[in-house]
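In: Starting from these lines, generate the structure:
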Amino acid sequence: MTAGNLKIFPPVFFLLLFAALLLLYYPTFNNPPRSDYWTAYYHFHQVAASPEPLAWLSLCNYDPWQHGTFRPVSHLILYLQFRLFNPWFTGNRLTNFSLYLATILLLFLLARQLGLDTVLTAAFLGVYAFLYSHFDIVTWTFQVYTTSSFCAFLLGFILYIRFVRTGRSRFLPLTGALFLYAMLSAEAYTLWPLAVLIPGLGARRLFPEPPPPRKRLLKRSGTMLASVYLLYGVVFILTRTAATVTGPLPRPSPALAATAAAGIFFNLAYTGTLVNLFPFVTEPTVFKDNIDMGGLLVR
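Out: Residues are numbered from 1 along each chain as shown. The predicted structure follows:
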């Protein structure tokens, strides 16, 4: 492909891809909320109807499953949508759909920052955009905080690579803020910021010529990480010591750590790989308060 074609290829590709996704998901835009929204809306109505000032902590610590999850920002986002769009739920769907498109675009930009091939990256994203397992992510808009968190991390990594290549520390505060937002939205992202240590430990292809001193790179990255985790810990203490906590946190144990690790890799193998390659393993689909894959996993 010529240089001229490479310049026009990305905008044309994304225009066609996003148009196809819009045609695919448009019929779902008027669907009513489902599953965990029902419990959350009950709580949101209580908060909105209260004569007291807005109970931020009751939203930060809200846990409809009573699992002791630590997601202080997640229900703030959902409550904001509740106040903005209720009862026009299409607004929630448009927001989540737009964030899904943003993840695809940010993945492309991150791949380009890493020097990956444009056409191969586009081919990967063409498959990624229509994965079977992503349909529930897009149509179940309760997880909007997960989608926005992924966007925040992708943008944060893009900015961090700009710091690595330019040495300009002004990129680090925004990178740290994006990481902190994502971590406070879903605890599954807690360790993701540690990936910024990879360039300092030897990912030489990210560096300009001549490369920046490794010690300086690690020192500034370490300072940013320390600030992020310090603020994360402060928010954890402030929220978990409040009187409005719902659900106890599980006590750490080797068995719990092993189960968590096995769960992550099983999810990658089953939902991330097998289900996308062979969607029929999810059948029959069971429609209850949520949509359950009643196939191989249940059997």
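
In: Number of residues surrounding Thr244?
Out: Counted with other Cβ atoms under 10 Å, residues neighbouring Thr244 total 13. Placement of C-beta: from N, CA and C, glycine included.

In: Roughly how far does it sit from His45?
Out: 17 Å (Cβ to Cβ, to the nearest Å).

In: And the pLDDT for Pro210?
Out: For Pro210, the pLDDT comes out at 68.

In: Show the average pLDDT along stretch 260-278.
Out: Averaging pLDDT along stretch 260-278 yields 85.

In: can you list the residues that contact it?
Out: Where contact means Cβ atoms under 8 Å, 6 or more residues apart in numbering, the residues beyond stretch 260-278 that reach it are Leu131, Tyr132, Ser133, Val281, Thr282, Met293, Leu296, Leu297.

In: cutoff 7 Å now
Out: Leu131, Tyr132, Ser133, Val281, Thr282, Leu297 (Cβ atoms under 7 Å, 6 or more residues apart in numbering).

In: Read off the pLDDT value for the residue sitting nearest the centre point of the chain.
Out: In the chain, the centroid-proximal residue (Cα atoms, centre = their mean) is Phe150; its distance is 2.7 Å. pLDDT for Phe150: 96.

In: where does this protein dip in pLDDT?
Out: Residues of the chain that meet the criterion pLDDT under 70 lie in 1-6, 54, 200-212, 245-249, 287-291, 297-299.

In: what ranges do the helices span in it?
Out: 3-25, 36-49, 56-60, 74-85, 90-113, 118-129, 134-139, 144-166, 171-185, 197-200, 214-240, 254-269, 275-277 (DSSP state H).

In: re earlier: who wins for most neighbours among the contacts of stretch 260-278?
Out: Within the contacts of stretch 260-278, most neighbours by other Cβ under 10 Å means Thr282, with 22 neighbours.

In: Surely that one touches Gly295?
Out: Yes: here Thr282 reaches Gly295: they are 4.6 Å apart, a contact under Cβ atoms under 7 Å.

In: I figured Phe171 hits Phe163, correct?
Out: Yes: counting by Cβ under 7 Å, Phe171 touches Phe163, with 4.0 Å between them.

In: quick revisit: among the helices of the chain, which comes closest to His67?
Out: Minimum separation from His67 across the helices of the chain (Cβ to Cβ) falls at helix 36-49, 11.6 Å.

In: got the buried residues for the closest one?
Out: Within helix 36-49, the residues that qualify as buried are Asp36, Tyr37, Ala40, Tyr41, His43, Phe44, Val47, counting by 16 or more other Cβ atoms under 10 Å.

In: Also stretch 133-143?
Out: Buried residues in stretch 133-143, defined by neighbour count with 16+ other Cβ under 10 Å: Ser133, Ile137, Val138, Thr139, Trp140, Thr141, Phe142, Gln143.

In: Residues in contact with it: which ones?
Out: 25, 28, 31, 35-37, 92-93, 96-97, 100, 147, 271-272, 275-276, 291.

In: Restricted to buried residues, select those in ChimeraX.
Out: The buried residues among the contacts of stretch 133-143 can be selected in ChimeraX (16+ other Cβ under 10 Å) with this line:
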select :25,36,37,92,93,96,97,100,147,271,275,276,291
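
In: so which of the helices of the chain gets nearest Val286?
Out: When the helices of the chain are compared by Cβ to Cβ, helix 134-139 sits nearest Val286, at 13.1 Å.

In: Generate CSV for the contacts of stretch 260-278, with distance to Thr175 as supplementary columns.
Out: CSV is the format used below for the contacts of stretch 260-278 (distance: Cβ to Cβ, whole Å):
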residue, distance to Thr175
Leu131, 28
Tyr132, 33
Ser133, 29
Val281, 39
Thr282, 37
Leu297, 37
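
In: Gly68: which of the residues you listed is nearest?
Out: The closest of the contacts of stretch 260-278, once distances to Gly68 are taken by Cβ to Cβ, is Leu297, at 24.5 Å.

In: Dump the helices of the chain into JSON lines; add distance to Leu191 as well.
Out: Formatted as JSON lines, those follow (distance: least, Cβ to Cβ, whole Å):
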{"stretch": "helix 3-25", "distance to Leu191": "30"}
{"stretch": "helix 36-49", "distance to Leu191": "25"}
{"stretch": "helix 56-60", "distance to Leu191": "21"}
{"stretch": "helix 74-85", "distance to Leu191": "18"}
{"stretch": "helix 90-113", "distance to Leu191": "18"}
{"stretch": "helix 118-129", "distance to Leu191": "23"}
{"stretch": "helix 134-139", "distance to Leu191": "21"}
{"stretch": "helix 144-166", "distance to Leu191": "11"}
{"stretch": "helix 171-185", "distance to Leu191": "9"}
{"stretch": "helix 197-200", "distance to Leu191": "11"}
{"stretch": "helix 214-240", "distance to Leu191": "10"}
{"stretch": "helix 254-269", "distance to Leu191": "11"}
{"stretch": "helix 275-277", "distance to Leu191": "25"}
